[in-house]
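Asker: The following block contains a protein sequence and its predicted model.
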Amino acid sequence: MPPLPLSSSRTRSRALFPFSSRDAVVLALRAAGCVFAEDEAELILEAARTPDELTAMVERRVAGHPLEVVVGWAEFHGRRVIVEPGVFVPRRRTEFLVDRALAHAPHARVVVDLCCGTGAVGAALAARLGGVELHAADIEPAAVGCARRNLAAHGGHVHQGDLFEALPGRLRGRVDILAANVPYVPTDEVPLLPAEAREHEPLTALDGGADGLDVLRRVAAEAGDWLAPGGCLLVETSERQAPAAVETFTRCGLTARLALDEELYAHVVIGSNNALISAGT
């Protein structure tokens, strides 16, 4: 998907809204606790097309709505993806999952983005791989609608349903990259999340069960049936959960390893079929 055009340049924004309006936006955001008030003000001013829209956007941000939802997009893996209300906002650390997938399967032809949210992971993979058969799935209707917009330029197919139940059966044994950005926050810790996440993102995208690994276990248990020879499953998790996640992959018949990026504080478990190792690939 090509980058979404800015609704106006910074120069045009300041022509529409006097410089004093920018100061007022910064002050309002800073008072609401926005640490990067100046940067956020610039993004909101660029996105707003009228003074009334500017006011509404600032009010939404001050009320705690995610900035990405307020402006309507998020930057992910060097591209802009549409972000709509009620959809999980893609995190920058998940870019590491995309990088690991590309390194592991640089010639992938069939890609599945499971628990897709906006479809940011699938869009990033398709943009780099080119010409792939791309499928994405999510249980949330809002996410499915948003992902369809983001994946349309790549000919992506977006399905609604619970994990693998959403996918067409013809994908069994054909998937080269199975990226599953599953929820992994333990249930007891969901109330500790920032308000903009727990109040504005779907619980199904956050709550991973008692230990945060419920959905990961379900994905790992069925992944082998869907992976092609040489295919891989990639799942993001936390540092604390990583050892148990690797053990789960292994118990489900996958050869697992952990990849981490200290700068992004990202932890990704990568699994492939044991048969590939024994064949010397």
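Answerer: Arrived safely, thanks for sending. Every value quoted in this text rests on a predicted model; they were computed, and no experiment measured them.

Asker: Give me the below-cutoff pLDDT ranges for the stretch 1-150 of the chain.
Answerer: Within the stretch 1-150 of the chain, the ranges that satisfy pLDDT under 70 run 1-20.

Asker: Could you pull out the helices in the stretch 1-150 of the chain for me?
Answerer: Under the criterion DSSP state H, counting those that start in this stretch, helices of the stretch 1-150 of the chain are mapped to 10-16, 19-31, 37-47, 51-62, 67-71, 95-104, 120-129, 141-151.

Asker: out of those helices, which comes closest to Leu234?
Answerer: With Cβ to Cβ as the criterion, Leu234 lies closest to helix 95-104 of these, at 5.3 Å. Where C-beta positions appear, they are placed from N, C-alpha and C, glycine not excepted.

Asker: Let's check: the centremost residue of the protein is which one?
Answerer: A centroid search over the chain (Cα atoms, centre = their mean) returns Pro90, at 3.5 Å, as the residue closest to the centre.

Asker: and it, backbone torsions?
Answerer: Listed backbone geometry of Pro90 is phi -60, psi 140, with angles given as degrees, to the nearest 10.

Asker: how about it, what does it touch?
Answerer: Taking Cβ atoms under 8 Å, 6 or more residues apart in numbering as the definition of contact, the neighbours of Pro90 are Ala74, Phe76, Val81, Val83, Gly117, Thr118, Ala120, Val121.

Asker: and which of those residues is nearest Glu201?
Answerer: Distances from Glu201 to the contacts of Pro90, taken as Cβ to Cβ, are shortest for Gly117 (8.8 Å).

Asker: Quick check: nearest residue in space to the closest one, chain neighbours excluded?
Answerer: Nearest non-adjacent residue to Gly117, counting by Cβ to Cβ, 6 or more residues apart in numbering: Phe88, 3.9 Å away.

Asker: For the one you found, give me its contacts.
Answerer: Residues near Phe88 by Cβ under 8 Å, 6+ apart: Gly117, Thr118, Ala143, Glu201, Pro202, Ala205, Leu206.

Asker: Tell me if I'm right that the second one and Asn150 touch.
Answerer: Yes: applying Cβ atoms under 8 Å as the test, Thr118 and Asn150 come out as touching, 5.7 Å apart.

Asker: hey, what's in contact with both of these two?
Answerer: Overlap of the contact sets of Thr118 and Asn150 (by Cβ under 8 Å, 6+ apart) consists of Val81, Ile82.
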